[in-house]
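Engineer: only the shape, not the letters, is given here:
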């Protein structure tokens, strides 16, 4: 499945290249915008990911679409032996490496540039794989999911943290207005990117969620798939097993 929403519908570049360029552009303001526009709720969401993984005590973890390494850094709380964060954007990774070094977490956490749909790791390499706000950006969703399944060990845990859509009245109307009209304007003003935060709202609007996403995961061979709704449905966690 290729999700048709692109950062720039007029560009000749494929989605993968557009995503890379977009995140390179907004990297310097990315962390500030995340905290500012989410009121730091995104920090609580990542803690929920940690709580879900804790019973499994994963030793080798891959964080796909790691960005500036927020989730990779949070995963240290599980006391693994190794965390690898992978992302397309070198500028996002550069900021992540500064954060990792500042916290003296190297070599526990290693950040590498790479493609989520062609992971540079052997089969059955990781006890857990996480993706926070990244699956929407896969050029081909099924191919990305298959690659993640390939590098997971049998019985390995797979967690997706992704935006979804609020369905409860009147919060649906409030968050719909905020996400559709306020988020793109704030993002454009602060990041000076005319496309990034419009792409965010448009991609969330069309991306599969809830039961539909669970079915996709099951069709790709993942088991025990569960969906955990967060903050009235602003985001969801999908937890599966290989």
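Structural biologist: Structure received. Just so it is clear, the structure is predicted and the values come from calculations on it, not from any experiment.
Engineer: what's the longest helix along the chain packed up against?
Structural biologist: If you go by DSSP state H, the chain has its longest helix at helix 15-38. Using 3 or more CB pairs under 8 Å, 6 or more residues apart in numbering; DSSP states H and E, the elements in contact with helix 15-38 are helix 41-53, helix 90-102, helix 183-191, helix 196-206. For the C-beta atoms, the positions are set from N, CA and C on the backbone; glycine is no exception.
Engineer: avg pLDDT for that helix?
Structural biologist: On average, the pLDDT along helix 15-38 is 83.
Engineer: now do the buried residues in it.
Structural biologist: Residues of helix 15-38 classed as buried: 15-16, 18-27, 29-31, 33-34, 37-38 (neighbour count, 16 or more other CB atoms under 10 Å).
Engineer: kindly report the same for stretch 45-64.
Structural biologist: In stretch 45-64, counting by 16+ other CB under 10 Å, buried: 45-46, 48-50, 52-53, 58, 60-64.
Engineer: also stretch 79-86?
Structural biologist: 80, 82, 83, 84, 85, 86.
Engineer: likewise for stretch 86-95?
Structural biologist: So, applying 16+ other CB under 10 Å, buried residues of stretch 86-95: 86, 87, 88, 89, 91, 92, 93, 95.
Engineer: sorry, back to before: quickly check the buried residues of stretch 45-64 for the two that are furthest apart.
Structural biologist: Maximum pairwise distance among those (CB to CB): 23.1 Å, between 45 and 60.
Engineer: what are the phi and psi values for the nearest residue to residue 31 once chain neighbours are set aside?
Structural biologist: Once flanking residues are discounted, residue 31 sits nearest to residue 68: 5.6 Å by CB to CB, 6 or more residues apart in numbering. When quoted as degrees, to the nearest 10, the phi and psi of residue 68 stand at phi -90, psi 20.
Engineer: how close does residue 68 sit to residue 90?
Structural biologist: Separation of residue 68 from residue 90 (CB to CB, to the nearest Å): 12 Å.
Engineer: state which strand of the protein is the longest.
Structural biologist: strand 152-163 (DSSP state E).
Engineer: so what strands line up beside that one?
Structural biologist: strand 126-132 (parallel), strand 235-241 (antiparallel) (DSSP bridges).
Engineer: most packed of those strands?
Structural biologist: Mean neighbours per residue, mean count of other CB atoms under 10 Å, is largest over these for strand 126-132, with a mean of 27.
Engineer: starting at the chain centroid, how far to that strand?
Structural biologist: Chain-centre distance of strand 126-132: 10 Å, with CA atoms, centre = their mean, to the nearest Å.
Engineer: who touches it?
Structural biologist: The contact list for strand 126-132 (CB atoms under 8 Å, 6 or more residues apart in numbering) reads 45-46, 49, 53, 56, 58-65, 67, 70-71, 75, 80, 116, 148, 151-153, 156-162.
Engineer: repeat the analysis, applying 7 Å as the threshold.
Structural biologist: 46, 49, 53, 56, 58-65, 71, 148, 151-153, 156-161 (CB atoms under 7 Å, 6 or more residues apart in numbering).
Engineer: between helix 41-53 and the longest helix of the chain, find me the angle.
Structural biologist: On the basis of axes from the mean of the first three to the mean of the last three CA atoms, to 10 degrees, helix 15-38 is oriented at 110 degrees to helix 41-53.
Engineer: make residue 1 into 17 and carry on from there
Structural biologist: Got it, first residue is 17 now, which makes that one helix 31-54.
Engineer: which secondary element of this protein has the worst mean pLDDT?
Structural biologist: Lowest by mean pLDDT, DSSP states H and E among the helices and strands of the chain is helix 199-207, with a mean of 67.
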